[in-house]
Structure formats: structure tokens, C-alpha cells
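Student: Got a sequence here, can you build the structure:
(one chain, ligands or ions: 1)
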Amino acid sequence: MSSESHRVIAIDGPAASGKSSVARELALRLGFAYVNSGAMYRAVTWHVLQKGVDPNDTEANNQSRILIDGVDPTEHLRDDGVNNSVSQVSSVPQVRRVLVEKMHHYAEENDLVMEGRDIGSVVFPDTPYKFYIDASPEVRLRRRAAEGLRDEIAARDRADSNRRASPLIIAEDALVIDSSNLTIDGVVGEIVGRLKMTGMQIPSA
Ligand code: C5P
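Tutor: Residues are numbered from 1 along each chain as shown. This next block holds a predicted model:
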């Protein structure tokens, strides 16, 4: 059982599906806090690499602390090294346990829009607000390239979908939105429409 006391809107999906832009925009629109759980896994990965720990060394990763030692890793979260190792680090159950606890704490403080891979399926399985944003592989590759980032998204998706701990799946009760031919506003509009149907009060745009 999850322990949320505020509303949580779960936005899951594969890499470069557009979920970050959508989640950020939606949070602004609703006045909810925005949490990028991928950034949390990236921050831990960056820290692991900084310490010179082999990301494949599950044993060592278990012991890795998520304190970032007073250093703000934000500018490094999309480094090639982080892209290449984040799926490996994220597959360690102990890493997930620590971060999921933090995510639950956030929900004790605020209404949230939280994006990730397992937010609707594992982190907040009881939330009635679950969305899965997808896009074709071609569109996703194009989006990443347009950001000027080298990122093996296919490899990351494969690893994230096939891992044992909280793999990327579509939660049974999630609304799937294919963003391939939609703008960010278009996707946000679809989500807002669905939220209104549940009776949620939405501030006017
Ligand atoms: O969302 P983003 O692509 O930045 O996530 C980076 C990586 O973090 C993912 O490829 C995945 O390995 C991991 N992740 C995860 N669970 C989440 C969010 C991200 O395992 N809820």
C-alpha cells in the first residue's frame, strides 16, 4: 500500500516519450508540485560514477548512499556516463527502496505530478490518476536528437522493461496517450479532460 496523503498524478512512459515536458506543464496548470523521479535515479547514478564504483557492481551499489555530499549534480544528470549507467543502477532494489521512500514523503507534503517508469504501477498504485505517455520509436529518437543528446534510448527501454525490480509496464488502470502526433499542450489537454471527468477542479488556463 502506498502512503500518499495528497493527490498524485502518475505519468509513466519510455524514454523521450515527452512525459517530462507534459508533466512539468501539467503541474504548472494544476498548481501541483512536479517531481521528476528519473532525475533522482540519475543523481544517484552520477554519485556512483563519481565515487568510481562500477555500476554493474550490485553489491557496492547496495551500499551507495544517496547523499550527494553538498554538490548539486543537476548539470550532470544527462551526461553520457549517466545515460549509459542509469538503468543498471536503477535496477538495484535497495536503491529503489530508498528513493521510493523519498517519493512517498513528497506526497505527504504536496499534491504531485510525478513522472517515471513505475509511478502508477508500484510507487503510488492506489492513485486514481494514472497516465502512460508513449510515442513511436522514430519520434522519440528524433526528440532526443533535437535536444542534442546522445542517448541509447532503445537500450535503456529494453533494460528498464526487462529488469526484475519494478519494470516499465503500463499499469492496468492507466490511460495510454500516444504523443507521436500531439503537441505538449495537446497531451496536457487530454490529461486535463480526463481529470475533469473524475471531478477534479482544474484552475482555468
Ligand atoms: O526519465 P528518465 O529517462 O530521465 O529516467 C532515467 C532512468 O531512470 C530510466 O531509464 C530508468 O532506468 C530510471 N527510472 C526508473 N524508475 C523511475 C524513473 C526513472 O527506474 N520511476
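
Student: so what secondary structure elements neighbour the helix or strand where Glu190 lies?
Tutor: Using DSSP states H and E, Glu190 sits within helix 184-197. Helices and strands touching helix 184-197, as assessed by 3 or more CB pairs under 8 Å, 6 or more residues apart in numbering; DSSP states H and E, comprise helix 19-30, strand 129-134, strand 175-178. Backbone N, C-alpha and C define where each C-beta goes, glycine included.

Student: hmm, the following helix or strand past the longest one in reach of the ligand?
Tutor: Scanning the chain past helix 19-30 towards its C-terminal end, the next helix or strand to appear is strand 33-36 (assignment: DSSP H and E). No. Contact of strand 33-36 with the ligand is not found when judged by CB under 6 Å from any ligand atom; the minimum separation is 6.8 Å.

Student: Over to stretch 93-113?
Tutor: No. Against the ligand, stretch 93-113 shows no contacts by CB under 6 Å from any ligand atom, the least distance being 7.1 Å.

Student: Tell me the confidence at Ala145?
Tutor: According to the prediction, Ala145 has pLDDT 88.

Student: and if you look at Ser64?
Tutor: Predicted confidence (pLDDT) for Ser64: 42.

Student: ok, and what's touching stretch 171-189?
Tutor: The contact list for stretch 171-189 (CB atoms under 8 Å, 6 or more residues apart in numbering) reads 10, 12, 17-18, 21-22, 25-26, 29, 120-121, 125, 128, 130-136, 139, 170, 190-191, 194.

Student: redo that, cut-off 6 Å
Tutor: By CB atoms under 6 Å, 6 or more residues apart in numbering, the list of residues contacting stretch 171-189 from outside reads 18, 21-22, 25-26, 120-121, 130-136, 139, 190, 194.
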